[in-house]
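Trainee: Just the structure for this:
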Amino acid sequence: MRTKKKQLGAAIAKGVFAFAAGFLALMNLTGATLSSLVHLGYPEYFGTILGVAYVLGLVALYQPLWKWLQNWAWGGFAAAIVGAVASHLFVGDPLANAVPAIFLLLLLVIAVVLKGPD
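Mentor: Numbers count the residues shown, from 1 in each chain. Reported below is the predicted structural model:
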């Protein structure tokens with residue numbers, strides 16, 4: 001059984017992650033990240049795809065019926081964030097440019113670890 005502190009920590013980490021992911025979804029859907037995505041070598045429409053995927057992932061994280069769907073959402077977010085870090089490093093950006101994505105990945109790992117097994 002999970003302790004109350006772990007449950008609270010998991011809820012806080014998930015909430016902060018969801019806020020950040022929602023902000024990123026909004027940034028991608030409004031085109032605010034377009035220059036960064038083009039710099040990384042992605043086509044202009046990729047931001048829309050990412051934004052929609054993030055919104056769907058957030059819906060999946062908070063739906064209560066299917067735990068397996070929540071786990072797939074965590075996996076999808078992890079893949080997208082690892083891809084963001086790798087993209088920055090592969091184009092020769094300084095590590096500092098990847099720090100926000102690394103922070104988001106760390107937050108994701110904390111939320112999933114504190115969540116525990118289903």
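
Trainee: List the buried residues in stretch 54-67.
Mentor: By 16 or more other C-beta atoms under 10 Å, the buried positions in stretch 54-67 come out as Tyr54, Val55, Gly57, Leu58, Ala60, Leu61. C-beta: built from backbone N, CA, C; applies to glycine.

Trainee: Name the nearest of the residues you listed relative to Val85.
Mentor: If you rank those by distance to Val85 using C-beta to C-beta, Tyr54 comes first, at 16.1 Å.

Trainee: The closest one: what's it in contact with?
Mentor: Applying C-beta atoms under 8 Å, 6 or more residues apart in numbering, we find Tyr54 in contact with Ala21, Gly22, Leu24, Ala25, Asn28, Phe77, Ala80.

Trainee: packing partners for the helix or strand that Lys5 is a member of?
Mentor: Assigned by DSSP states H and E, Lys5 falls within helix 4-30. In terms of contacts (3 or more C-beta pairs under 8 Å, 6 or more residues apart in numbering; DSSP states H and E), helix 4-30 is packed against helix 46-62, helix 95-115.

Trainee: Dump the longest one to CSV, restricted to CA.
Mentor: The C-alpha atoms that make up helix 95-115 are tabulated as CSV, following Å, rounded to 0.1, in the frame of the first residue of the first chain:
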residue,chain,number,x,y,z
LEU,A,95,23.4,21.3,-23.4
ALA,A,96,21.7,24.3,-21.9
ASN,A,97,19.1,24.3,-24.7
ALA,A,98,18.1,20.7,-23.7
VAL,A,99,17.8,21.5,-19.9
PRO,A,100,14.1,22.3,-20.0
ALA,A,101,13.4,18.9,-21.7
ILE,A,102,15.7,17.1,-19.3
PHE,A,103,13.8,18.8,-16.3
LEU,A,104,10.5,17.7,-17.8
LEU,A,105,11.8,14.1,-18.2
LEU,A,106,13.0,14.1,-14.6
LEU,A,107,9.6,15.3,-13.5
LEU,A,108,8.0,12.5,-15.5
VAL,A,109,10.2,9.9,-14.0
ILE,A,110,9.4,11.1,-10.5
ALA,A,111,5.7,11.1,-11.2
VAL,A,112,5.8,7.5,-12.6
VAL,A,113,8.0,6.2,-9.8
LEU,A,114,5.9,7.7,-7.1
LYS,A,115,2.7,6.5,-8.8
